[in-house]
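Asker: here's my sequence, what's the structure:
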Amino acid sequence: QVQLVESGGGLVQAGGSLRLSCVASGRTFSRYVMGWFRQAPGKEREFVAFIRWSSLRTYYADSVKGRFTISRDNFINTVYLQMNSLKPEDTALYYCAADPNPIGTPTQGREYDYWGQGTQVTVSS
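Answerer: Residues are numbered from 1 along each chain as shown. Predicted structure coming up:
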């Protein structure tokens, strides 16, 4: 059973930085795509970024491109989301997700089978 556990959220001022972590367990993730999504109150869940575990190919939503960086540490099965130059509109519950059978460019939540519980990020103006 795949388990994803996020951490690293918190309250930060606009312009600040946070690094989210997602510890993955229960499988070998070499074929997986690992993604980050977020959901703000009253809004739909939206894609943030993904990384292909084996090739390290990354892909970002336009809204975070140039500010966020996704990476992974193979030795400790952890995926990171480094968030810089944070804006109040980045405030959301951030989820880590795993797609075991990635096809193309998986940016839709329905393409991911496994989800973490989420970690809250709040950016004050």
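Asker: tell me what the nearest residue to L56 once chain neighbours are set aside is bridged to.
Answerer: Counting by CB to CB, 6 or more residues apart in numbering, L56 lies nearest to R72, which is 7.5 Å off, once chain neighbours are set aside. Bear in mind the C-beta positions are built from the backbone N, C-alpha and C, glycine included. R72 has the following beta-bridge partners by DSSP bridges: V79.
Asker: settle this for me: R72 is touching C96, isn't it.
Answerer: No - R72 lies out of contact with C96 (CB atoms under 8 Å); the separation is 10.9 Å.
Asker: so what sits against both of those two?
Answerer: Counting by CB atoms under 8 Å, 6 or more residues apart in numbering, the residues touching both R72 and C96 are M34, V79.
Asker: more neighbours: which of those two?
Answerer: C96 (28 against 20; other CB atoms under 10 Å).
Asker: hang on, the more buried one in a strand?
Answerer: Yes - under DSSP: H, G, I helix; E, B strand; the rest coil, C96 falls within a strand.
Asker: what are the ranges of the strands in this protein?
Answerer: Applying DSSP state E to the chain gives strands spanning 3-7, 10-13, 18-25, 33-39, 46-52, 58-60, 68-73, 78-83, 92-99, 114-115, 119-124.
Asker: sheet partners, orientation included, of the third one?
Answerer: The one in question is strand 18-25. strand 3-7 (antiparallel), strand 78-83 (antiparallel).
Asker: and for the last one?
Answerer: Applying DSSP bridges to the sheet, strand 119-124 is found paired with strand 10-13 (parallel), strand 92-99 (antiparallel).
Asker: give the buried residues for it.
Answerer: Residues T119, V121, V123 are the ones in strand 119-124 that count as buried (16 or more other CB atoms under 10 Å).
Asker: and the angle from that strand to strand 33-39?
Answerer: 50 degrees (axes from the mean of the first three to the mean of the last three CA atoms, to 10 degrees).
Asker: swap in the third one?
Answerer: Relative orientation of strand 18-25 versus strand 33-39 (the same axes, to 10 degrees): 130 degrees.
Asker: can you give me how far strand 18-25 is from the chain middle?
Answerer: Its chain's average C-alpha position is 8 Å from that of strand 18-25, according to CA atoms, centre = their mean, to the nearest Å.
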